[in-house]
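**Q** sequence unknown, structure follows:
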């Protein structure tokens with residue numbers, strides 16, 4: 001077979017479309033993808049004016065900010081409280097405040113990222129969740145520009161596309177850090 005046909009051109013030819021999908025699937029499965037580059041998918045979010053991505057498997061779900069939460073006496077200001085979300089108690093943490101970037105303004109776009117972690121339940125309050133972001137492997141870099149929010153120790157790389165840089169924020173490292181785990185006020 002010569003050049004790889006575009007799938008959109010095969011819409012009117014269902015048998016050929018299925019055959020091409022099967023061929024590509026077999027090729028990818030056998031590790032001979034050739035021109036088919038690997039894709040990385042993450043969840044994009046915004047803290048202040050900066051954009052980040054987290055690996056898809058570290059995010060359990062994205063939730064609206066709950067109407068009510070219970071303050072925790074003796075806790076640092078960044079621990080906003082505990083909320084009952086779908087029958088589970090989840091501590092809600094203002095990520096921007098914890099990282100020294102000021103308090104997150106609670107707006108219509110504000111979201112809670114429920115972190116997918118076996119031992120530490122956490123709901124991270126961010127300015128906005130931007131949905132899935134897809135990047136090709138060749139867009140990955142080990143360097144990233146300095147961030148306003150002091151989170152460099154939780155970044156594991158970045159994806160560069162045109163003028164946009166998307167640092168990869170490791171949510172597991174963040175919630176396992178002493179910075180996060182020391183929620184009691186002095």
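**A** Received the coordinates, thanks. Here the structure is a predicted model, which is why all the values come from computation and not from measurement. Residues are numbered from 1 along each chain as shown.

**Q** Break down the chain into its strands, ranges please.
**A** For the chain, the strands defined by DSSP state E cover 39-47, 50-55, 59-64, 79-85, 88-94, 111-115, 123-126, 128-136, 140-141, 155-161, 164-169.

**Q** among those strands, which is nearest residue 183?
**A** strand 79-85 (4.9 Å; C-beta to C-beta). C-betas here are computed from N, CA, C, even on glycine.

**Q** avg pLDDT for that closest one?
**A** On average, the pLDDT along strand 79-85 is 94.

**Q** That strand packs against which elements?
**A** Judged by 3 or more C-beta pairs under 8 Å, 6 or more residues apart in numbering; DSSP states H and E, strand 79-85 is in contact with strand 88-94, strand 123-126.

**Q** wait, which of the ones you listed is closest to residue 19?
**A** Among the helices and strands packed on strand 79-85, strand 123-126 sits nearest to residue 19 (C-beta to C-beta), with 44.0 Å.

**Q** Of the strands of the chain, which stretch is the most buried?
**A** strand 123-126 (a mean of 25; mean count of other C-beta atoms under 10 Å).

**Q** Check which helices and strands that strand sits against.
**A** strand 39-47, strand 79-85, strand 88-94, helix 95-98, strand 111-115, helix 171-176.

**Q** cutoff 10 Å now
**A** strand 39-47, strand 50-55, strand 59-64, strand 79-85, strand 88-94, helix 95-98, strand 111-115, helix 171-176 (3 or more C-beta pairs under 10 Å, 6 or more residues apart in numbering; DSSP states H and E).

**Q** re the thing from before, what's the closest of the helices and strands packed on strand 79-85 to residue 51?
**A** Distance to residue 51, taken as C-beta to C-beta, is lowest for strand 123-126 among those, at 10.6 Å.

**Q** Pairing partners for the closest one, with directions?
**A** strand 88-94 (parallel), strand 111-115 (antiparallel) (DSSP bridges).

**Q** Residues in contact with the longest one: which ones?
**A** The reference is to strand 88-94. Here strand 88-94 makes contact (C-beta atoms under 10 Å, 6 or more residues apart in numbering) with 47, 60, 63, 65-66, 69-70, 72, 75-85, 101-104, 106, 110, 112-115, 120-126, 174-175, 180, 183.

**Q** can I assume residue 157 is in contact with residue 137?
**A** No. With contact defined as C-beta atoms under 10 Å, residue 157 does not reach residue 137; the gap is 11.4 Å.

**Q** Okay, now the unreliable bits of this protein?
**A** Within the chain, the stretches with pLDDT under 70 are 1-5, 29-37.

**Q** So what's the residue count around residue 17?
**A** Residues within reach of residue 17, counting by other C-beta atoms under 10 Å, total 16.

**Q** ok so, going back, could you export the strands of the chain as JSON lines, including distance to residue 27?
**A** JSON lines is the format used below for those (distance: least, C-beta to C-beta, whole Å):
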{"stretch": "strand 39-47", "distance to residue 27": "15"}
{"stretch": "strand 50-55", "distance to residue 27": "26"}
{"stretch": "strand 59-64", "distance to residue 27": "30"}
{"stretch": "strand 79-85", "distance to residue 27": "43"}
{"stretch": "strand 88-94", "distance to residue 27": "43"}
{"stretch": "strand 111-115", "distance to residue 27": "35"}
{"stretch": "strand 123-126", "distance to residue 27": "38"}
{"stretch": "strand 128-136", "distance to residue 27": "17"}
{"stretch": "strand 140-141", "distance to residue 27": "23"}
{"stretch": "strand 155-161", "distance to residue 27": "25"}
{"stretch": "strand 164-169", "distance to residue 27": "28"}
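
**Q** Thanks a lot, see you next time.
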